[in-house]
Each structure stands twice: as structure tokens, then as C-alpha cells.
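Undergrad: Next one to model:
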Amino acid sequence: MTHMHDEDPACEVAHGGGPEEESGRTLVAVFASPVAGFLLKFGADLGFRTVLLEPAPERRLAGFTAVTEIGDHVDATADVVLTDHHRAEIGPVLRDLLKSPARWIGIMGSPRHTGPHVRALTDLGVPPEEIARVHRPIGLNIGSRTPAEIALATLAGLIADRNARPGGFSF
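TA: Below you'll find the predicted structure:
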């Protein structure tokens, strides 16, 4: 007797079969924050190569090694998420990230007002078309209220993008 799931690869994976695949993507969480901790933890479980970019050497996130400069950590597979929109370094960090080969760059923040990154980048002479490459808000709209939920919504959006899907409940 043939079961329906025998013909459905997604069902096979859900039942513990099938290969575990790496996503081929890098997840860069910028700034040591509670959201960054969940992004890195969940991201590693989801097959991302994870990197914490924290330009301030005195700031750390327990359990994670941080790099202080972009270097070769941000390549064309990189999805970059700035996890704090109040940091003074937002402008210079984003300016440098926009010069990198990063595939996707986003910053947390409410869509109800203009993000502080816009002024910071404008003041540094970054052209509006480059500023527009910074995604905000980020993640799926699931009503996130905690750092773990924000990370989950962000990663769900990145996975939908990785799989060329719209996210949400549209199949």
C-alpha cells in the first residue's frame, strides 16, 4: 500500500526523512542584542552560516563569537539584519554594508515613522537609491512582541524569500 507521504518530499522531511540541507546562505546579525541572539540560534538550526557583527569590542553576546568588521564575512549569500535602530554606528555600518556584496540588508523598526538610518545615511552622502535598498520593516507581520518572536518573523521572511515564496498563508 502506498501512502500519500511517500510521494511528497516535504512530508518525508516532516517525518524525519530526507537529507538535511544547508541553505547556502549566511545570516549576519548586526549589534549584540537579544534579537540577535535568537536570530543566530534559530538561524544556525535553519542551515544558515551565522555571524555576529558587533563593531563595539566591549559589547558581546554570551555564547557567540563576534567580529568587529565586515571583512569577508559578508558575501553574496549574506542576509544582514541590523537588530538595533538606536545605535550611533548605524550610518557607517549601513554605508559599508551597502558597498558589500550582501544579498539582502534590513533593519528592525516600526513602519509608522521614518527610520533613523535614513538621516544617518543621507548625512554620510549615501544616495537615496542606495538607502532604498535597506529593507524596513523586516520579517512577516505576525504581531511579534518578544525578541524570539521578532527573530522568528524575520527568519520566516528570509526563508520565504530564499524559497521564492510570498510568505504568509498564500501557497
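Undergrad: Mind checking which residue lies nearest the centre of this protein?
TA: Nearest to the mean C-alpha position of the chain, counting by C-alpha atoms, centre = their mean, stands V81 at 4.0 Å.
Undergrad: Let's verify that one: helix, strand, or coil?
TA: strand (DSSP: H, G, I helix; E, B strand; the rest coil).
Undergrad: ok, what's across the strand from it?
TA: V81 forms beta bridges with A29, G106, as assigned by DSSP bridges.
Undergrad: Give me the distance between it and L39.
TA: Applying C-beta to C-beta, to the nearest Å, the value for V81 to L39 is 6 Å. (Glycine included, C-beta is placed from N, CA and C.)
Undergrad: Quick check: neighbours shared by those two?
TA: L27, A29, T154 (C-beta atoms under 8 Å, 6 or more residues apart in numbering).
Undergrad: which element follows the one helix or strand the first one maps to toward the C-terminus?
TA: The reference is to L27. Using DSSP states H and E, L27 falls within strand 26-30. Counting by DSSP H and E, the element after strand 26-30 in chain order, helix or strand, is helix 34-45.
Undergrad: buried set for that next one?
TA: Residues of helix 34-45 classed as buried: V35, A36, G37, F38, L39, L40, F42, G43 (neighbour count, 16 or more other C-beta atoms under 10 Å).
Undergrad: What of stretch 54-74?
TA: Neighbour-count burial for stretch 54-74, with 16+ other C-beta under 10 Å as criterion, is recorded at E54, P55, L61, F64, A66, I70, H73, V74.
Undergrad: out of those residues, which are inside strands?
TA: Counted as lying in strands by DSSP state E, out of the buried residues of stretch 54-74, are A66.
Undergrad: rewinding a little: out of the buried residues of helix 34-45, who's nearest P137?
TA: P137 lies nearest to V35 out of these, by C-beta to C-beta, at 13.1 Å.
Undergrad: That closest one: what's it in contact with?
TA: Contacts of V35 (C-beta under 8 Å, 6+ apart): A29, T83, M108, P147, I150, A151, T154.
Undergrad: Okay, it and L124: tell me how far apart.
TA: Using C-beta to C-beta, one obtains 25 Å as the distance from V35 to L124.
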